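Undergrad: model the following, please.
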Amino acid sequence: MGRELEYNKYYYDYLTNLPNRYFLYEYYNHDNNKFIFVLFYFDNLTYINDSYGHLFGDKVSVEISKALIEIVKDNGKIFRFGGDEFIVIFHRNLDEAISIVEDVTKKFNYFFKVEGKDILTTVSAGIYAPKIGEHMDDIIRKANTAMLKAKKLGKSKYVIFDKTMEDDIVKKTGMIVDIKKAILNNEFYLLFQPIYNLRENRIKEVEALARWRNNKYGGIPPSRFIPVIEETGLIKEFGVLIIEDVFKQINDWRNKGIVLKVNINVSPLQLRDDDFLFEFDQLISKYKIPLNLVEIEFTETQILDINQQEIKKINELLRRGIRISLDDFGVGYSSLINMIEFPISTIKMDKSLIDRIDEKKVRTLIKGILHISKEMNYEVVAEGVETKEQLSMLKEWGCDKIQGYYISKPKAPREIELMFKNMYDKYNVILGSTLENYVENR
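TA: Numbers count the residues shown, from 1 in each chain. Below you'll find the model as predicted:
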């Protein structure tokens, strides 16, 4: 490379004095050897800057660079790529590079001191073994993809890039465009799954479930498209669309003499939108929906990172008379504390518990949830009920409601109407019959 490049300040980071991204590109253009490329992301630097200021954050970055130099030594060349990203190029085999990466992740999984303050900044690493001649932008993109996957695994991790990750990115990129088109073209639609009230022996409510059918993908489960919608920020647009569709359906049913409460799944990300409550109120007013016909569901795993401002919005919904459900209860790591901290009206026990109801420990756990919920004045819905035996046990133990294939699969609006029409005609009971008659004659 020439002395001009080696000593030009343009190619060095002003803070750590490490080679920067400009040096990286020049270095690569002059290097035709095979190497291992590693992108390190230091997870907590943004929080450190916000807590102690950028000058202190700069000092932390300097300490990180010193630690990297000490660990990597002459085994690789270090570059400061961005505020919280460093790149190391190893002219070694993959196993040797991984060994050094493991040393880095271990080093930064512990506190270190800066100006007397204990600092913890875990590191996530993406590893990629490029082909000779591959463009640097592609190399960085692939290492970054692996690093992001490492972050999702819980930080202090490293991931080696493979072809499946690239395929997933291409598919996701295409799906993002198709989701936007689907919102504009009204490709999303709703199914409704009945919820049976065991105390009143009737169906008085349903859960609205978003579905998407597309010519390219066919029928796509929500587990595939909802995470993409949340990641891309389309959740606001999508969420308003779903809420409005639910309100339209409630209104349509009311005009036909069918009064049903509808549970709507809402992402906590929607609560971060300052306009959420305003838009919700606008739609309530537009369709003249009684608030007692609406219940909002949040999944337990989604609320783990919810902040106080979002909790205030949920409390505001409760004050207006809208019930709040904690869905998938029993899956998260902090179920009991969520019962205390999170403002709720209803707990929905996850299907994974009901599936194992024959196990003694699980039965004890379910009974405990039902007892605690009753003491705290929460209703309990058991999800995923599929057999008469499951229902009998839950009813005996005091469960309030059940939902699952034993009652009904999710149905289109017209099917819901026919179901209740048949109930009325056959049993002369508006919006309900005994469970036995319903199941036998549905």
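
Undergrad: give me the below-cutoff pLDDT ranges for the stretch 51-200 of the chain.
TA: Along the stretch 51-200 of the chain, the model assigns pLDDT under 70 to no residue.

Undergrad: can you give me the strands in it?
TA: For the stretch 51-200 of the chain, applying DSSP state E, counting those that start in this stretch gives strands covering 76-80, 85-90, 112-114, 117-119, 123-128, 158-160, 188-197.

Undergrad: okay, these, which one's buried deepest?
TA: strand 123-128 (a mean of 26; mean count of other Cβ atoms under 10 Å). Where C-beta positions appear, they are placed from N, C-alpha and C, glycine not excepted.

Undergrad: list the neighbouring strands of that strand plus their orientation.
TA: Take DSSP bridges as the rule and strand 123-128 pairs in its sheet with strand 36-42 (antiparallel), strand 158-160 (parallel).

Undergrad: what's the shortest one in contact with?
TA: Outside of strand 158-160, the residues within contact range by Cβ atoms under 8 Å, 6 or more residues apart in numbering are 38, 94, 98, 101-102, 105, 124-129, 146-147, 149-150, 153.

Undergrad: how far away from the center of its chain is it?
TA: The chain centroid and the centroid of strand 158-160 are separated by 21 Å under Cα atoms, centre = their mean, to the nearest Å.

Undergrad: with stretch 311-322 instead?
TA: 22 Å.

Undergrad: and the end-to-end length of stretch 260-268?
TA: 25 Å (Cα to Cα, to the nearest Å).

Undergrad: residues contacting that stretch, please?
TA: So stretch 260-268 is in contact with 192, 195, 204-210, 226, 230, 235, 239, 242-243, 246, 249-250, 253, 292-299, 302-303, 305-306, 310, 325, 327, 416, 431, going by Cβ under 8 Å, 6+ apart.

Undergrad: got a ChimeraX select line for the buried ones in those?
TA: The following ChimeraX line selects those of the contacts of stretch 260-268 that are buried, judged by 16 or more other Cβ atoms under 10 Å:
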select :192,195,204,205,206,207,208,209,210,226,230,235,239,242,243,246,249,250,253,293,294,295,296,297,298,299,302,303,306,310,325,327,416,431
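
Undergrad: got the angle between the helix or strand hosting residue 241 and strand 188-197?
TA: Here residue 241, judged by DSSP states H and E, is contained in helix 235-255. Per axes from the mean of the first three to the mean of the last three Cα atoms, to 10 degrees, the angle that helix 235-255 makes with strand 188-197 is 60 degrees.

Undergrad: and the helix or strand following helix 235-255, which residues are buried?
TA: Along the chain past helix 235-255, the next helix or strand (assigned with DSSP H and E) turns out to be strand 261-265. Of the residues in strand 261-265, 261-265 count as buried by neighbour count, 16+ other Cβ under 10 Å.

Undergrad: closest to residue 282 out of those?
TA: residue 264 (15.5 Å; Cβ to Cβ).

Undergrad: so what pLDDT did the closest one get?
TA: Per-residue pLDDT puts residue 264 at 97.

Undergrad: do the same with residue 437
TA: Confidence score, pLDDT, at residue 437: 52.
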